[in-house]
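# Below: sequence and its predicted model.
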Amino acid sequence: MRYLVGIGNYYGFDDSIGLRVAEAIGERGLDRDFRAVDLGGNLLDLAHYLGAEVEQVLIVDSARMGSAPGEYAFFTPEDVSTRKRTAGFSTHEGDLLKVLEFAASVSGPLAPVTIMGIEPADVSSEPGLSAPLTERFDEYVGAAVAFLAAKG
């Protein structure tokens, strides 16, 4: 099985992009050879999709990469390091890289994970998407589906 996992917060403006991409893929029936998962809420639930029996995981999320708002990139967890400052490890602090590290320490080798990071323009505490992300939304959906199709 292969998964596309969208993460974020619907009330975080551009931080919702991963959730919205996963939702659109499911609504449009584009998840024919993989399962699209909208993972709002507890980021630790991601561990359910990382088992060794899983072929590939694509995580779609907003990511501060120093790019122009709306730009996106594919990378692996090994390619990056976290810049988040957290007090520790909890269900209230969402640090994707720490969750992946934790999952590997608990269950051993993980499925191959790739992250599709999308540079946010605005992470206000409200629902919606900024203009740069709205304009490129269909491009994100297509790129995510194409990535998983190439891995199938």
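Structure received.

# use CA for all of it now, contacts and neighbours both
Fine.

# where exactly do the helices run in the protein?
For the chain, the helices defined by DSSP state H cover 17-27, 96-107, 131-135, 137-150.

# Give me the buried positions along the third one.
The one in question is helix 131-135. 132-133 (16 or more other Cα atoms under 10 Å).

# name the helices or strands packed onto that helix?
Helix 131-135 is packed against no helix or strand, with contacts defined by 3 or more Cα pairs under 8 Å, 6 or more residues apart in numbering; DSSP states H and E.

# and if you look at the first one?
If contacts are counted by 3+ Cα pairs under 8 Å, 6+ apart, helix 17-27 sits against strand 2-8, strand 35-40, strand 56-62, helix 137-150.

# tell me the mean pLDDT over it?
Predicted confidence along helix 17-27 averages 97 (mean pLDDT).

# picking up where we left off before, distance to His48, mean neighbour count and mean pLDDT added to the helices and strands packed on helix 17-27, as JSON lines?
Formatted as JSON lines, the helices and strands packed on helix 17-27 follow (distance: least, Cα to Cα, whole Å; neighbours: other Cα atoms under 10 Å; pLDDT from 0 to 100):
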{"stretch": "strand 2-8", "distance to His48": "11", "mean neighbour count": "25", "mean pLDDT": "95"}
{"stretch": "strand 35-40", "distance to His48": "11", "mean neighbour count": "20", "mean pLDDT": "92"}
{"stretch": "strand 56-62", "distance to His48": "11", "mean neighbour count": "26", "mean pLDDT": "95"}
{"stretch": "helix 137-150", "distance to His48": "19", "mean neighbour count": "16", "mean pLDDT": "97"}
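
# For Leu110, which of those is the nearest?
Among the helices and strands packed on helix 17-27, the nearest to Leu110 by Cα to Cα is strand 56-62 (9.5 Å).
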